[in-house]
Each structure stands twice: as C-alpha cells, then as structure tokens.
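Q: Sequence and predicted structure below; questions after.
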Amino acid sequence: MQHQGINLKNKDDLHVLLFQVAEIWMGFPVQCVREVFHKASLILSPKTPSFLEGFLNLGGTAIPVLNLARLFDLPEKQDHLYTPFIITQTGSSIMGFQVEAVSGIVAICRQHLLSVGEQKAFNDCVEYLAELDEKRIHLLSMDKILIEQETRAVAQFRQMAQERVSRISMTA
C-alpha cells in the first residue's frame, strides 16, 4: 500500500505515532512508544513545574506525565475524560505525555523527511519535518524534549512521587 511517500510494507520507512497538540501535528518514533490510553488519575505534587501534569502510578512505578501544550507554550484545550496519554520509553527512561488527540501509526519514507537543522527548534527538539496528507508533521526527538534543567527537576519530583507510590503499595 502506498500513499504520498508512505509504504506500510517497507521496513526502511520511519514508523511514527502521529498526534496533535494545539492543532499542530507531531510524532514520536514508534519504537519509543510503550502504550497509549485515555486520561487516568495522576498523583499531584505541590510546586511542580507547570508543564508537569502529575505522575501516573503504573504498576507501582511513578511515571511523570508532561503536558506538551504547556511545555511548548502552546494554547491548551480543556482536557476531558478521553484526553490521551502517550507513555514512552527510551533506555531506562519512561515518560508520559498528555496530548490533544492521537491519530495512529504512519510510515514515512525516509526520503520525504526534511531535516530541521540545529537552532531551528527550541533545544533542537524537532528532528525532522514531514508532509502527509497536507499535514506538516513535526517529528520530535525523545532526548531533546526537555532541557537539562527541566530533566533534573522532573527527576527530583519523580523520586518524591515514587516514594509516595511505594508507601501506598506497602499499605495496600
């Protein structure tokens, strides 16, 4: 099956989970995506950065959930019961992202990727642009979504949330 540079059978294509934030199409590499589900209860911590929506207790592990609209300083839509969370994993790092909508998985021919280049996106968090069905897709770099200072802050709050989750698990 082919469609504007997309071949779903070609293993050399880049497979991307396509989602929307503030009416901007974005994507994560599929190999980094663990799961996608609708909004769940989060553990909230006082004095967290505004982009940190809270922590998800996923099998006894506190997973930070970032609000991408807030992180990128984009207009936010009111979240609802079906607001999607995307759980990603790169190496040992597991992180969640709240987005507005998830469209599905697409395959993009590597020849149709446009390199963004350094200094064109904040912290170089957008690696490539792609065109798909008249949509411009920003392909995000999992390692560059947060700057170093934000990464440290999330790690500190995650440690506190993990301690809370562990205490809850012990009493249950």
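A: Structure's in. What do you need?
Q: For the most centrally placed residue in the chain, name its beta-bridge partners.
A: Nearest residue to the geometric centre of the chain (C-alpha atoms, centre = their mean): residue 97, 4.2 Å. Using DSSP bridges, the bridge partners assigned to residue 97 are residue 66, residue 86.
Q: Return the set of buried residues in the helix or strand residue 95 falls within.
A: Taking DSSP states H and E as the definition, residue 95 sits inside strand 93-98. Using 16 or more other C-beta atoms under 10 Å as the test for burial, strand 93-98 gives 94-98. (Each C-beta comes from the backbone N, C-alpha and C, glycine too.)
Q: quick one: it to chain centroid distance?
A: Distance, stretch centre to chain centre, for strand 93-98: 6 Å (C-alpha atoms, centre = their mean, to the nearest Å).
Q: Identify the residues contacting that strand?
A: Residues external to strand 93-98 that are found in contact with it (C-beta atoms under 8 Å, 6 or more residues apart in numbering): 34, 39, 53, 56, 58, 61, 63-69, 79, 83-89, 154.
Q: Apply 7 Å and report the result again.
A: Residues outside strand 93-98 that contact it (C-beta atoms under 7 Å, 6 or more residues apart in numbering): 53, 56, 63-68, 79, 83, 85-88.
Q: for stretch 135-154, same thing?
A: 16, 18, 24-28, 32, 49, 52, 64, 88, 90, 123-130.
Q: least trustworthy helix or strand in this protein by mean pLDDT?
A: strand 2-3 (a mean of 38; mean pLDDT, DSSP states H and E).
Q: about what we covered before: just the buried residues of strand 93-98 now: which is nearest residue 165?
A: Using C-beta to C-beta, residue 94 comes nearest to residue 165 of the buried residues of strand 93-98, at 13.1 Å.
Q: Now tabulate the buried residues of strand 93-98 in CSV and tack on distance to residue 105 and pLDDT.
A: As requested, those are arranged in CSV below (distance: C-beta to C-beta, whole Å; pLDDT from 0 to 100):
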residue, distance to residue 105, pLDDT
94, 20, 94
95, 19, 95
96, 18, 96
97, 16, 96
98, 19, 96
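Q: Which stretches in this structure count as strands?
A: Ranges of strands within the chain are 2-3, 6-7, 14-21, 24-29, 33-38, 52-58, 61-67, 84-90, 93-98, 101-108, 114-115, 126-132, 135-140, based on DSSP state E.
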